[in-house]
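> here's a sequence, model it:
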Amino acid sequence: MKIAQRTWSETSGWQGGPPSGAEGAQLVLLFGGTKQIAEARWLAELRNACPSAHLFGCSTAGEIAGTTVTDDHVVASAVTFERTPIKLAQVRLSEGKDSLDAGARLAAMLPGEGLRHVFVISDGSKVNGSELVRGLLAALPKGVQVTGGLAGDGARFERTLILAGETPLEGSIGAVGLYGDAIKVGYGSLGGWDPFGPERAVTRSEGNVLYQLDGKPALELYKSYLGEHASGLPATGLLFPLQIRRKGDAETLVRTILSVDEQAGSMTFAGDVPLGATAQLMKANFDRLVDGASGAAKTSAVTLAGSTPELAVLISCVGRKLVLKQRTEEEVEAVEEVLGKGTPMTGFYSYGEICPAAPNASCQLHNQTMTITTFSER
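Got it, this is the predicted structure:
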């Protein structure tokens, strides 16, 4: 596997020119600001440099290139596989009934024979990520694992774009299927947030929309905890996610807000908030966020089963970036310390992360985690 990586900005164009030596690349991973990913200016030069490659990526809340984190750039990573066929698929959310159906339709577009892994990137503002994952897993061959994330739009929450071919699209979901015995994939996902305050029961919810906690309007109760931060919702909600524990489950999931409905007193999250679950607010701990990134890297190395990672795709939640601020690159540097300085890294800051919670566990949607997918060819 060979990786050629370059960064493009509106002011400087391609830093060092478009990806060089990538004429035979089969895949170009592209992560960029919402405005920038929709620009056509950089695309022609990239097409000339990588004429046979599939383009796959999304808008972000920050781009990762090595240990550098940028905003409003485009990071292009051209990937040349030696023995790994790939296939792209894309569906529109508007074409189906819901996110569950979209996941099933997306999986059906990927031939099952020889499929080893699916890397998925979804619209970040219109999707129920939990339902998407369920739809994918139900339709994919048994044993095929899924990782990926939800596109971002900075802290604006206005629109997100998916590129899985020629044109960036709103309201869509894209996937790359990797085939054959040569490819090995590792993955890991950890958070680093601390719960506080009382646990409250989810007494009214529908999918990813939360209406009541302990019989009280959820938004009103949430605002009482946020205080002066409440006026900045939904963006400030990224600083105070909810820890969700389903009835009878030992493990927890973290959920962050995508939007609020003042009239209904409800909050819409990136994934399910099940009726009967308990919810508890969380807050950030700087050092634990960085340690979480390091832990995710260690887990990805374990699931890679001793192979040296040749590419790492990092997907971290925008809420972590808003908390870490000028220390954001520390979590990326922590990943490099584990994987090694020779491992090419790319990725983005997201509205949700898709990954198994542990090796051999079922895939789930997460929020506020650092999720890492590592790739290697035998």
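> going by C-alpha atoms from here, please, whenever you check contacts or count neighbours.
Noted.
> tell me which stretches of the stretch 101-250 of the chain form strands.
In the stretch 101-250 of the chain, the strands defined using DSSP state E, counting those that start in this stretch lie at 115-122, 145-150, 162-164, 172-179, 183-190, 193-206, 209-213, 216-217, 242-245.
> out of the ones you listed, nearest to residue 52?
Among the strands of the stretch 101-250 of the chain, strand 162-164 comes nearest to residue 52, with 14.0 Å by Cα to Cα.
> quick one: contacts of that closest one?
30, 54-59, 88-90, 121-123, 151, 168-175 (Cα atoms under 8 Å, 6 or more residues apart in numbering).
> before we move on, back to that, mind putting the strands of the stretch 101-250 of the chain into a markdown table with mean neighbour count, mean pLDDT and distance to residue 371?
Listed next are the strands of the stretch 101-250 of the chain as a markdown table, based on neighbours: other Cα atoms under 10 Å; pLDDT from 0 to 100; distance: least, Cα to Cα, whole Å:
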| stretch | mean neighbour count | mean pLDDT | distance to residue 371 |
| --- | --- | --- | --- |
| strand 115-122 | 24 | 98 | 12 |
| strand 145-150 | 27 | 97 | 8 |
| strand 162-164 | 27 | 96 | 19 |
| strand 172-179 | 24 | 98 | 17 |
| strand 183-190 | 26 | 94 | 4 |
| strand 193-206 | 17 | 93 | 14 |
| strand 209-213 | 23 | 96 | 24 |
| strand 216-217 | 16 | 93 | 32 |
| strand 242-245 | 24 | 92 | 17 |
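> now those strands as a markdown table including distance to residue 284?
Shown next, in a markdown table, are the strands of the stretch 101-250 of the chain (distance: least, Cα to Cα, whole Å):
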| stretch | distance to residue 284 |
| --- | --- |
| strand 115-122 | 26 |
| strand 145-150 | 21 |
| strand 162-164 | 29 |
| strand 172-179 | 30 |
| strand 183-190 | 13 |
| strand 193-206 | 5 |
| strand 209-213 | 22 |
| strand 216-217 | 25 |
| strand 242-245 | 12 |
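> out of the ones you listed, nearest to residue 38?
Smallest distance to residue 38 across the strands of the stretch 101-250 of the chain (Cα to Cα): 9.1 Å, for strand 162-164.
> which residues touch the residue sitting furthest away from the middle of the chain?
Distance from the C-alpha centroid of the chain peaks at residue 215, with 32.5 Å (Cα atoms, centre = their mean). If you count contacts by Cα under 8 Å, 6+ apart, residue 215 has them with 203-204.
> same question for residue 89.
By Cα under 8 Å, 6+ apart, residue 89 lies in contact with 106, 109-110, 164, 174-176.
> over to residue 208?
Residues in contact with residue 208 (Cα under 8 Å, 6+ apart) are 128, 268-274.
> one more time with 10 Å, if that's ok
Residue 208 is in contact with 127-131, 255, 257-258, 267-274, counting by Cα atoms under 10 Å, 6 or more residues apart in numbering.
> could you do residue 104 as well?
When contacts are counted by Cα under 10 Å, 6+ apart, residue 104 touches 96, 131-140.
> distance of it relative to residue 140?
Going from residue 104 to residue 140 by Cα to Cα, to the nearest Å gives 8 Å.
> check which helix or strand covers residue 371.
Assigned by DSSP states H and E, residue 371 belongs to strand 370-377.
> what distance separates that strand from the centre of its chain?
In terms of Cα atoms, centre = their mean, to the nearest Å, the centre of strand 370-377 is found 12 Å from the chain centre.
> again with stretch 9-17
Stretch 9-17 has its C-alpha centroid displaced from the chain centroid by 25 Å (Cα atoms, centre = their mean).
> which parts of that stretch are buried?
The neighbour-count check on stretch 9-17 (16 or more other Cα atoms under 10 Å) flags 9, 14 as buried.
> cool, stretch 277-297 as well?
Going by neighbour count (16+ other Cα under 10 Å), the buried part of stretch 277-297 is 277-284, 286, 288-297.
> with stretch 229-241 instead?
229-230, 234-241.
> perfect, I'm done here.
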